[in-house]
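Trainee: Provided below are the primary sequence and the corresponding predicted coordinates.
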Amino acid sequence: MKQTPPLSFLLTTLATVMNMDRVRGDDALPRLAKGMSVEPMRDWMQQPQTELYAALPERFIADWDSTVNTRYGHQEDAALGYNPDKRGRKSHHPLIYEALKSYRLAVPARLPNNQLLLDTLLKLTPEPGHTPDAVNASAVFVAPNQFRVVYDASTDADLKEYQLRGNAGATFKSEDAVVITTNGKKAAREFLSAFALTQPGAKGSVAVYVITNAGNEKGSTPMTITRPAA
């Protein structure tokens, strides 16, 4: 397989930036695989995959380009995500979804004894289960630059934890909200944070999310906190 000039230039540049002698081209793996049987190839691929997925954080964003198909009503596997045209509307991202779905189905079948790797596989959608009820929550400003959020206890039998999520500014956007902090189900039912209140007059919007062991979630009514002007 002959490399095109742009790819060859890219590999040379990458090697220079990373202080490497050279970077193998896209034809290296197929040539290597030709001389290996299936089992040795699986063993060879197993270690880097295990190390890669074990190093990933519990929550992260995989920024892949894909087609965004906006969905209306209730359609299977439609979920909130990146949707620049219809923000807050559920959509399908078929390219990345199908690739990840195929990978997740293939890995357990091919590497059933690698429990460490299996435990790190990503969830495409929450496991089967129910959506928990939202809890009541309230927030107050705490001088000089913090706020306190208190919330009712969830009665959900599958409760795992509570998350405080928020956005800088006066508008809460669930699709863009970041996880500020997390409380276990037995922790004191309050959060204390200085999120977004960086200067006098700053505003932050937050909500308390109930998270179940199955990965399902429900957020409270959003709350907006304002740091008083100096």
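Mentor: Received the coordinates, thanks. All values reported here derive from a predicted model rather than from experimental measurement.

Trainee: How much space separates the residue located most distally from the centre of the chain from P48?
Mentor: Residue farthest from the centre of the chain, counting by Cα atoms, centre = their mean, is G35 at 37.8 Å. Going from G35 to P48 by Cβ to Cβ, to the nearest Å gives 19 Å. All C-beta atoms are positioned from the backbone trio N, CA, C, and that covers glycine.

Trainee: Over to Y151?
Mentor: Distance, Y151 to P48, using Cβ to Cβ: 42 Å.

Trainee: Can you pick out the residue with more neighbours from these two?
Mentor: Y151 (21 against 9; other Cβ atoms under 10 Å).

Trainee: Which pLDDT value belongs to the more buried one?
Mentor: With respect to pLDDT, Y151 scores 97.

Trainee: any idea how far it is from G184?
Mentor: 13 Å.

Trainee: How about N69?
Mentor: Taken as Cβ to Cβ, the span from N69 to G184 is 37 Å.

Trainee: between the two, who's got more neighbours?
Mentor: Neighbour totals were compared for N69 and G184, and N69 leads with 13 against 10 (other Cβ under 10 Å).

Trainee: Can you name the residues bridging to that one?
Mentor: Beta-bridge pairing of N69 under DSSP bridges involves H92.

Trainee: Pretty sure it sits against S91.
Mentor: Yes: the pair N69 and S91 passes the contact test of Cβ atoms under 8 Å, sitting 5.7 Å apart.

Trainee: Could you chop the protein up by domain?
Mentor: For the chain, automatic domain parsing gives the domain ranges 1-35, 38-125, 137-226.

Trainee: now the end-to-end length of the longest one.
Mentor: This points to domain 137-226. Using Cα to Cα, to the nearest Å, one end of domain 137-226 lies 17 Å from the other.

Trainee: Surely L118 touches L111?
Mentor: Yes: between L118 and L111 there is a contact at 7.3 Å, judged by Cβ under 8 Å.

Trainee: could you point out which element follows the lowest-mean-pLDDT helix or strand in the chain?
Mentor: Least confident helix or strand of the chain, by mean pLDDT, DSSP states H and E, is helix 5-17 with a mean of 66. Tracing the chain C-terminally past helix 5-17 and defining elements by DSSP states H and E, one meets helix 28-34 next.

Trainee: what's the average pLDDT for that next one?
Mentor: 71.
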